[in-house]
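>>> sequence plus predicted model, see below.
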Amino acid sequence: MCILELLLTTYAFCYHFQSDDPLIQLMEDYKWIHFLDFHWRLGIDGLSIGPILLTGFITTLATLAAWPVTRDSRLFHFLMLAMYSGQIGLFSSRDLLLFFLMWELELIPVYLLVSMWGGKKRLYSATKFILYTAGGSVFLLMGVLGIGLYGSTEPTLNFEILANRSYPVNLEILFYIGFFLAFAVKLPITPLHIWLPDTHGEAHYSTCMLLAGILLKMGAYGLVRINMELFPHAHSIFSPWLMVVGAMQIIYAASTSLGQRNLKKRIAYSSVSHMGFIIIGIGSITDMGLNGALLQIISHGFIGAALFFLAGTTYDRIRLVYLDEMGGIGIPMPKIFTMFSSFSMASLALPGMSGFVAELIVFFGLITSPKYLLMTKLPITFVMAIGMILTPIYLLSMLRQMFYGYKIFNGPDSYFFDSGPRELFLSVSIFLPVLGIGMYPDFVLSLSVEKVEVILSNSFFR
């Protein structure tokens, strides 16, 4: 099912999507609820086509990664497809209420996937996830109703109409804060990230692929789609604070990751740190910075999903999650060692891979931003540089603890078999786009560059 949908999506992208057209394409508009004038309104543009293709690709590989799941496997795959539906619907929705419904649709599948197929603390982690994300959804619902009912006898939730509507500055700031809090939980932005390490630490690794690869990107997409497009003046006011929060998040999450004993929690904090670059790119209000943030969304979607998949396959073999109990598994499992090392290099922004290009473009977007003085840019740049130094420290330390040394395991030798054809296929399938984007980033940037210019020209430079 996932493969069929991915092929259909790819076909539509190749033959029916015009990358140089910033307008909405492949529109669907059906009246759904007449009383509320609620429409089933879908469409894609340069901002949404990248996340949609990423969602199809990662979900297809995650279903293949879930092959070893034997307990209630049909329900497991049904919940993954339900998440898939909600995520595709959110990235393509052109109606604000439909956006909210799709936002909510993926909460229950994630809760069930974590609580039924997670680790020892799965109920605690699943409850924490649902409380944080449902709390953020309250602000999203309040913002949707407020913006839909404002200033008109006939409420409208059409993105095109709302994007051309102006608001008093104080009201726009209020709307901006409400939507920002909802997206900050999902992105996540410190200190609203507390749910993420526990959820990633307990969830099955195929679920972690969807969480790290797609779920976090929904928050970043919402910041650009709603906060930047609908509330440009408020975004201009808050953008300096976004830069500060993004820089602090890079340092805080990277430092915290270094102190994590649990392998999956270390990778989870690494994801939080990399989200800081997206926040800085969005706050820079430049073509280069925003394109870099969108490229980082795609890049980290691949890299984060791959790291969690490899962490899960390693656990399947050695039955250990704590790094200080591991050591010396590079010799019996050289293929996993090679793949883990390759994706760790991509995560620490090795030149020639997608992570390097994305972070470099965000960096240049900050430097070239006309909105900020040099004295503002220098400390933010300095903090980003420190984060880039801390990233190799915690990733290389993770590799050293896992694969080097001579530590003797308590588990039976039967667990020490190397990567099989399924794991190799999955890893290579993710590594090829990581390498391809690093070598030729214009393939992804060309999808969004026209839309980014329209967002910034219509909203910030008129």
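Structure's in. What do you need? Note that the coordinates shown come from a computational prediction; the quantities given were computed from them, not determined experimentally.

>>> so which bits of the helix or strand that contains Thr313 are buried?
Assessed by DSSP states H and E, Thr313 sits inside helix 287-318. Within helix 287-318, the residues scored as buried using 16 or more other CB atoms under 10 Å are 287-315, 317-318. From N, CA and C alone the C-beta is placed, and that goes for glycine too.

>>> then stretch 419-427?
Those would be 419, 423, 426-427, for stretch 419-427 by 16+ other CB under 10 Å.

>>> hmm, back to that, following the helix holding Thr313 in sequence, what is the next regular element?
Immediately after helix 287-318, counting by DSSP H and E, sits helix 334-347.

>>> quick one on the thing from earlier: could you identify the most distant pair in the buried residues of stretch 419-427?
Using CB to CB, the pair of the buried residues of stretch 419-427 lying farthest apart is Ser419 and Leu426, separated by 9.3 Å.

>>> I'd say Ile250 and Thr381 touch.
No: Ile250 is beyond contact range of Thr381, at 11.5 Å (criterion: CB atoms under 8 Å).

>>> show me which of these two is the more surrounded one.
Ile250 (29 against 16; other CB atoms under 10 Å).

>>> how about that one, secondary structure?
Classification of Ile250 using DSSP: H, G, I helix; E, B strand; the rest coil returns helix.

>>> swap in Leu192?
Under three-state DSSP, Leu192 falls in the coil class.

>>> now that it has come up, it's in contact with Leu131, right?
No: here Leu192 does not reach Leu131: they are 11.6 Å apart, not a contact under CB under 8 Å.

>>> just the mean pLDDT for stretch 347-360, thanks.
Averaged across stretch 347-360, pLDDT comes to 92.

>>> so Leu192 and Leu131 - more neighbours on which side?
Leu192 (19 against 11).

>>> counting neighbours, which bits of stretch 436-452 end up buried?
Buried residues in stretch 436-452, counting neighbours by 16+ other CB under 10 Å, are found at 437-438, 441, 444-445, 447-452.

>>> same check, this time on stretch 371-381
Using 16+ other CB under 10 Å as the burial criterion, the residues of stretch 371-381 that qualify are 372, 377, 380-381.

>>> just these now: which is nearest Ala212?
Distances from Ala212 to those, taken by CB to CB, are shortest for Ile380, at 25.4 Å.

>>> so for the closest one, what's the pLDDT?
90.

>>> do the one 5 residues further on as well
At Ala385, the predicted lDDT confidence score is 89.

>>> just to revisit the earlier point, and the buried residues of stretch 371-381, which two are furthest apart?
Pairwise over the buried residues of stretch 371-381, using CB to CB, the maximum falls at Tyr372 and Thr381, 10.5 Å.

>>> who touches both of the two?
By CB atoms under 8 Å, 6 or more residues apart in numbering, Tyr372 and Thr381 have these common neighbours: Leu366.

>>> beyond whichever helix or strand Ile393 is part of, next helix or strand please.
Element membership for Ile393 (DSSP H and E) is helix 374-403. On the C-terminal side of helix 374-403, the closest following helix or strand by DSSP H and E is helix 421-439.

>>> would you pull up how far the helix or strand that that next one is followed by lies from the middle of the chain?
Once helix 421-439 ends, the next helix or strand along the chain (criterion: DSSP H and E) is helix 442-459. The chain centre lies 19 Å from the centre of helix 442-459; the measure is CA atoms, centre = their mean, to the nearest Å.

>>> and the contacts of helix 442-459?
Against helix 442-459 from outside (CB under 8 Å, 6+ apart): 19-22, 45-47, 49-50, 163, 224, 228-229, 232, 235, 285-287, 290-291, 294-295, 298, 436-437.

>>> hmm, try it at 7 Å
The contact list for helix 442-459, computed with CB atoms under 7 Å, 6 or more residues apart in numbering, reads 19-20, 22, 45-47, 49-50, 228-229, 232, 285, 287, 290-291, 294-295, 298, 437.

>>> can you put the buried residues of stretch 419-427 in a markdown table and add pLDDT and distance to Ala346?
Formatted as a markdown table, the buried residues of stretch 419-427 follow (pLDDT from 0 to 100; distance: CB to CB, whole Å):
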| residue | pLDDT | distance to Ala346 |
| --- | --- | --- |
| Ser419 | 82 | 18 |
| Glu423 | 91 | 17 |
| Leu426 | 94 | 15 |
| Ser427 | 94 | 12 |
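
>>> can you classify His39 as helix, strand or coil?
Per three-state DSSP, His39 ends up strand.

>>> thought it was touching Lys31?
Yes: in this structure, His39 is within contact of Lys31 by CB atoms under 7 Å, at 5.6 Å.

>>> and the nearest residue to Thr256 once chain neighbours are set aside, which helix or strand is it part of?
Closest residue to Thr256 apart from its sequence neighbours, by CB to CB, 6 or more residues apart in numbering: Tyr269 at 5.0 Å. Per DSSP H and E: Tyr269 is located in helix 263-283.
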